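Chemist: give me coordinates for this.
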Amino acid sequence: ACILRMIEAYLGADDFRKGVEDFLTRHKFSNATGTDLWSSLEDVSGKQVKRIMSEWIKKPGYPVVTAMISVGKLILRQERFLLSGAYEKDIWPIPVTMKLDGEFNKLLLDTEETAIEIKDVKSLNLNVDHTGFHRVYYQGIHDLVWKSELSTFDRWELIFDAVAFLIAGKMPFSDYLSLVKRYYREQDYLPAREVSDQLIFLYLIMPSKVAEISREFHRSQLKILEGKTDEDSSILRGIMAGRLAVVDEAYAKELGARFHDYEKVEPDMRAAVAIAYARAFSNFEEIVGRYRKSLSDEEKTRLLDAMTSFKETSLVALSLGLALSGEVKRQDIGSMILAATANPDAKTLAWIWLKVNIGRLLKLYEGTGRLSRILLSVIPILGIGRVEEVEKFFEENRIPEAEKGIEAGMEKLKIYDRLVENV
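Modeler: Below you'll find the predicted structure:
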């Protein structure tokens, strides 16, 4: 679907539609293959659709296009993108869409590098509306990008790519933080949610480096969301509030005070209120009591997440003990483990608990593939600063049915651990 969207943007909506119509007409009483569709699109548009699709479908991975300006030329250079930061030369026929000073253009980048003559360009935007299946790294020209009329998808793509470049070691941390600050007044759900997701992830692996900017961003977003009543804003307000409660003790105390009137709290804010209450007031019995009285599965899930959000690790330990007591549904146990992993104060405890209980979890999820997915998610977070220990543990405790999750988790762990060391 992503590749077809890229082709549609390259050909133009009219030619793409005519190509699809031609394909359907030619094969309406017969079988057809993907190659038949590429042929129709190529015949109608006059562009190299078959060559483009053949390479994109068969080649592993995807590219990053680096854009820079030098001596009156826009330089575009491609290579395979790898999160590890390793360099791998490869060439795709990339349909590139762009706006130069607001004028829409497109080209096929099918060489390692190309140069485009430009004059005194005032604004620049590549991969317009994120239609291309590739990343774009703007080398030293972000100011020109922000002077473009960026759509919601453009702004989302900028920050979505940025954290990948940060992890890969391509973007300096200071540049990343500067880019994040441009989103303080972001009005749209998609880019605002993306920034929030990134900041809470980075806070988990290097809290001291992003605590302040996370507080500033989430506070600014809550101010923007005040008074908004549409569904997206209500959902986003709850997300922002819950995350601010994790990084801001004063706000957690303010918000958590509403837990005593929990039934009156609007549904999209309840998870945030419960988390804030756990972090600010440390009342395990109150939350557990409400959990046991709750008749709604949705409410129970919110309260279980709150139970793993305590700052005091002894209370998180009690919550994780409850997870395997038989009182919590099997499908919710994995969610509790993930929630404990997302608690920046409980990572060491969660790792110790996981090691002690790995056998019970294996028996609990045997044959479901669930344990593999859990380990894929928690290893890259819980293993920060203890890579060798984690590696040794899983070498000594082989889990064949979770092997793929462990392998992928270890790969991510080493990448994230390197990021933390280098920032």
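
Chemist: which residues does M240 contact?
Modeler: A192, S196, H218, Q221, L222, L225 (Cβ atoms under 8 Å, 6 or more residues apart in numbering). (C-beta placed from N, C-alpha, C; glycine too.)

Chemist: got a winner among those residues for most neighbours?
Modeler: Within the contacts of M240, most neighbours by other Cβ atoms under 10 Å means A192, with 29 neighbours.

Chemist: helix or strand for that one, which one?
Modeler: If you go by DSSP states H and E, A192 is part of helix 189-205.

Chemist: before we move on, back to that, nearest to F394, of the contacts of M240?
Modeler: Nearest to F394 out of the contacts of M240 is S196 (Cβ to Cβ; 31.5 Å).

Chemist: hang on, isn't that closest one packed against S220?
Modeler: No - here S196 lies out of contact with S220, judged by Cβ atoms under 8 Å, at a distance of 11.1 Å.

Chemist: for the closest residue to L375 other than its chain neighbours, grab phi and psi.
Modeler: Of all residues not flanking L375 in the chain, G405 sits nearest, at 4.4 Å (Cβ to Cβ, 6 or more residues apart in numbering). According to degrees, to the nearest 10, the main-chain angles of G405 amount to phi -60, psi -40.

Chemist: and for P60?
Modeler: Backbone torsions for P60, taken as degrees, to the nearest 10, come to phi -70, psi 150.

Chemist: then S123?
Modeler: Per-residue torsions, S123: phi -150, psi 150 (degrees, to the nearest 10).

Chemist: residues touching it, list them.
Modeler: Shown in contact with S123 (Cβ under 8 Å, 6+ apart): K99, L100, D101, G102, L144, V145, K147, S148, E149.

Chemist: among the residues you listed, which ones are buried?
Modeler: K99, L100, L144, V145, S148 (16 or more other Cβ atoms under 10 Å).

Chemist: looks to me like V420 is in a helix.
Modeler: Yes - assignment of V420 by DSSP: H, G, I helix; E, B strand; the rest coil places it within a helix.

Chemist: identify the residue spatially nearest to it, adjacent ones excluded.
Modeler: Using Cβ to Cβ, 6+ apart, the closest residue to V420 is M206 (5.0 Å).

Chemist: what about that neighbour, distance to V265?
Modeler: The spacing between M206 and V265, counted by Cβ to Cβ, to the nearest Å, is 32 Å.

Chemist: hang on, the earlier thing: show the pLDDT at the residue nearest to V420.
Modeler: Note on M206: pLDDT of 96.

Chemist: quick check: phi and psi on K106?
Modeler: According to degrees, to the nearest 10, K106 has phi -150, psi 150.

Chemist: and it, how many residues sit next to it?
Modeler: Per other Cβ under 10 Å, the neighbour tally for K106 reads 16.

Chemist: where's it relative to I205, distance?
Modeler: According to Cβ to Cβ, K106 and I205 sit 38 Å apart.

Chemist: contacting residues for the residue nearest to L375?
Modeler: Residues in contact with G405 (Cβ under 8 Å, 6+ apart) are L371, S372, R373, I374, L375, L376, I379.

Chemist: again with L375
Modeler: Applying Cβ under 8 Å, 6+ apart to L375 gives the contacts I399, A402, G405, I406, G409.

Chemist: and the residues you listed, which is closest to E299?
Modeler: Out of these, the member with the shortest distance to E299 (by Cβ to Cβ) is G405, at 29.8 Å.

Chemist: in the chain, which spans are strands?
Modeler: For the chain, applying DSSP state E gives strands covering 63-70, 73-80, 94-100, 103-109, 113-117, 124-126, 135-138.

Chemist: what is the burial count for P380?
Modeler: P380: 24 surrounding residues under other Cβ under 10 Å.

Chemist: pretty sure it is touching L413, no?
Modeler: Yes - assessed by Cβ under 8 Å, P380 is found in contact with L413 at 4.5 Å.

Chemist: list the contacts of the helix holding A192.
Modeler: With Cβ under 8 Å, 6+ apart as the criterion, helix 189-205 contacts 152-153, 155-156, 159-160, 163, 180, 183, 186, 209-211, 213-214, 217-218, 221, 232-233, 235-236, 239-240, 243, 246-247, 341-342, 344, 347, 381, 384, 416, 419-420.

Chemist: pLDDT at K119, what is it?
Modeler: In this prediction K119 is given a pLDDT of 85.

Chemist: what is the burial count for the closest residue to it other than its chain neighbours?
Modeler: Computed as Cβ to Cβ, 6+ apart, the closest residue to K119 that is not its neighbour in sequence is G72, at 7.2 Å. For G72, the neighbour count with other Cβ under 10 Å is 12.

Chemist: and for the one 3 residues further on?
Modeler: Per other Cβ under 10 Å, the neighbour tally for I75 reads 15.

Chemist: just list whatever residues bridge to it.
Modeler: Beta-bridge pairing for I75 (DSSP bridges): M68, A115.

Chemist: isn't it up against E117?
Modeler: No - using Cβ under 8 Å, I75 is not in contact with E117; the gap is 11.1 Å.

Chemist: which one of the contacts of M240 is nearest A86?
Modeler: Of all those, the one with the least separation from A86 (Cβ to Cβ) is S196, at 29.4 Å.

Chemist: do you know how far that closest one is from L202?
Modeler: From S196 across to L202, the span is 11 Å (Cβ to Cβ).

Chemist: could you do T341 as well?
Modeler: Distance of T341 to L202, given as Cβ to Cβ: 15 Å.

Chemist: out of those two, which sits in the busier spot?
Modeler: More crowded of T341 and L202, by other Cβ under 10 Å: L202, with 26 against 22.

Chemist: and stretch 127-142, end to end?
Modeler: Counting by Cα to Cα, to the nearest Å, you get 14 Å between the two ends of stretch 127-142.

Chemist: could you do stretch 70-87 as well?
Modeler: Start and end residues of stretch 70-87 are separated by 22 Å (Cα to Cα).

Chemist: in PyMOL, select just the buried ones from the contacts of helix 189-205.
Modeler: Typed into PyMOL, the line below selects the buried ones among these, using 16+ other Cβ under 10 Å:
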select buried, resi 152+153+155+156+159+160+163+180+183+186+210+211+213+214+217+218+221+233+236+239+240+243+246+247+341+342+344+347+381+384+416+419
